[in-house]
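K.L.:
Take a look and give me a structure for this.
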Amino acid sequence: MGILAAMGQAIELRRSSAGDVDALASIKITGWLTTYADLVPPDVLGPLVDEGRTRADLAALTIDPHAVLLVATDGDVVIGFGVGDTRTGYVDSLHVLPAHRSGGTGRRLFGALASELHARGCTEISLHVVNGNVGAQRFYERLGGELIGIAPADWAPHDVLEAHYRWSDPTLLVEAATR
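P.N.:
The predicted structure is shown next:
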């Protein structure tokens, strides 16, 4: 799918397979724990970092015909992934292991995901991120994301707010992500 030279190593992007589920679950859980522990109450975060639940959710995505699930690998090691829905253009997840952040992997992964969603008919890309995740919010804004609002997260019974971003032209996102 594509290769990115980051930190002197070749990062490859490819479609995910069922064999990636354990690595994806580990990455997602690590992402939630390292990013959201201070932003999401522990009783809300707990179920979101449950290994069994996370593996089951990701395994279902590997066979969902409407899901685009891409991974970034460094050699044989999965270091990040992104998930989008071809019916809506909604990006549900974009995670890169902390040690591989800020090297271009997330940008290229997000660009490839947006490109695939656009190729499959999505005319708009959107996502939600926990409000207060300043690094992610800056990242999406640098890629041209339009902040369209802040609203309560539908998955959290507490006062967790999400920032909602939209790209009304996926080609501009793809261009920004592949510079």
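
K.L.:
center of the protein - which residue?
P.N.:
Ranked by distance to the mean C-alpha position of the chain (C-alpha atoms, centre = their mean), the top residue is Leu94 at 1.0 Å.

K.L.:
so where's this structure uncertain?
P.N.:
Judged against pLDDT under 70, the low-scoring parts of the chain cover residues 1-9.

K.L.:
thinking again about what came up before, hmm, who's touching the helix or strand hosting the residue nearest to the centre of the chain?
P.N.:
Taking DSSP states H and E as the definition, Leu94 sits inside strand 90-96. Contacts made with strand 90-96 from outside it, assessed by C-beta atoms under 8 Å, 6 or more residues apart in numbering, are listed as 27-28, 30-31, 72, 79-85, 105-106, 109-110, 113-114, 117, 125-127. All C-beta atoms are positioned from the backbone trio N, CA, C, and that covers glycine.

K.L.:
Which ones among the residues you listed map onto helices?
P.N.:
Judged by DSSP state H, those include 27-28, 30-31, 105-106, 109-110, 113-114, 117 as members of helices.

K.L.:
and the two most separated of these?
P.N.:
When C-beta to C-beta is used, the two most widely separated members of the ones in helices among the contacts of strand 90-96 are Thr30 and Leu117, lying 24.8 Å apart.
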